[in-house]
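A.B. asks: this one's sequence-less:
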Ligand code: MN
């Protein structure tokens, strides 16, 4: 069974003005599609053909660079689309808010740490909020790696991720990655993040 690209769970323009329509179209229809196509090519005719994306990603370091990059790309983008929603300046609430305060002090301190992870990631990569041993932690990964991978420097279960590749923001924000990260907070689906947090 080859992997397929699911449609976005909302309209391309749903995240305006924070993440623009054109970026969403190219990002989903071209970039994510390419990861899916290249992943399918990489596993075709191999023993990895019928594995789940989670299983491939967890063992990315021992399979092949093509699976690490494109399998990671497929998993990360699927996770990213589901993490987004035009949130009207909502903030986390309930148990998730408590866990953020316990780990970082305040919501603003958490944001600062996450933004720093995104802005200091040299080149292309991702910023993450993870659960590790029952606690929340911020990390970042290069390229299309993620915290589930055996090769990740900081491992954990991600509950939020932000794509900081230039293709995620360049049309609207050009070289201003910090401005994109600031806008990202208006496009986080906190209900989804809370659901992942509660699942652990
Ligand atoms: Mn991307």
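C.D. replies: Sure thing, it's come through. Just so you know, these numbers come straight off a predicted model, no measurement behind them.
A.B. asks: which element follows the lowest-mean-pLDDT helix or strand in the chain toward the C-terminus?
C.D. replies: Using mean pLDDT, DSSP states H and E, the weakest-scoring helix or strand in the chain turns out to be helix 60-63, at a mean of 91. Later in the chain than helix 60-63, the nearest helix or strand by DSSP states H and E is helix 65-82.
A.B. asks: buried set for that following helix?
C.D. replies: Within helix 65-82, the residues that count as buried by 16 or more other Cβ atoms under 10 Å are 67-82. The C-beta positions use only the backbone N, C-alpha and C, and glycine is treated the same way.
A.B. asks: from those, which is closest to the ion?
C.D. replies: Proximity of the buried residues of helix 65-82 to the ion was ranked by Cβ to the ion; the top entry is residue 77 with 5.8 Å.
A.B. asks: that closest one contacts residue 35, correct?
C.D. replies: Yes. Contact criterion Cβ atoms under 8 Å: residue 77 and residue 35 qualify, at 6.6 Å.
A.B. asks: related to what we said a few turns ago, run through who's touching the least confident helix or strand of the chain.
C.D. replies: By Cβ atoms under 8 Å, 6 or more residues apart in numbering, the surrounding residues in contact with helix 60-63 are 48, 56, 67, 68, 71, 72, 145, 149, 150, 151.
A.B. asks: give me the distance between the second one and the ion.
C.D. replies: What it means is residue 56. For residue 56, the distance to the ion equals 18 Å [Cβ to the ion, to the nearest Å].
A.B. asks: quick one: contacts for that residue?
C.D. replies: For residue 56, the residues meeting the contact criterion (Cβ under 8 Å, 6+ apart) are 39, 43, 48, 63, 67, 71.
A.B. asks: could you dump those residues into a markdown table and include distance to residue 174?
C.D. replies: Written out in a markdown table, the entries for these read as follows (distance: Cβ to Cβ, whole Å):
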| residue | distance to residue 174 |
| --- | --- |
| 39 | 30 |
| 43 | 36 |
| 48 | 38 |
| 63 | 36 |
| 67 | 32 |
| 71 | 30 |
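A.B. asks: quick check: the farthest pair among the residues you listed?
C.D. replies: Pairwise distances across the contacts of residue 56 peak at 10.7 Å for 39 and 63 (criterion: Cβ to Cβ).
A.B. asks: what kind of secondary structure is the spatially most central residue of the chain in?
C.D. replies: Centre of the chain computed as the mean C-alpha position; nearest residue by Cα atoms, centre = their mean is residue 161, 3.4 Å away. The three-state label given to residue 161 by DSSP: H, G, I helix; E, B strand; the rest coil is strand.
A.B. asks: if anything else comes up later, I'll come back, but that's it for now.
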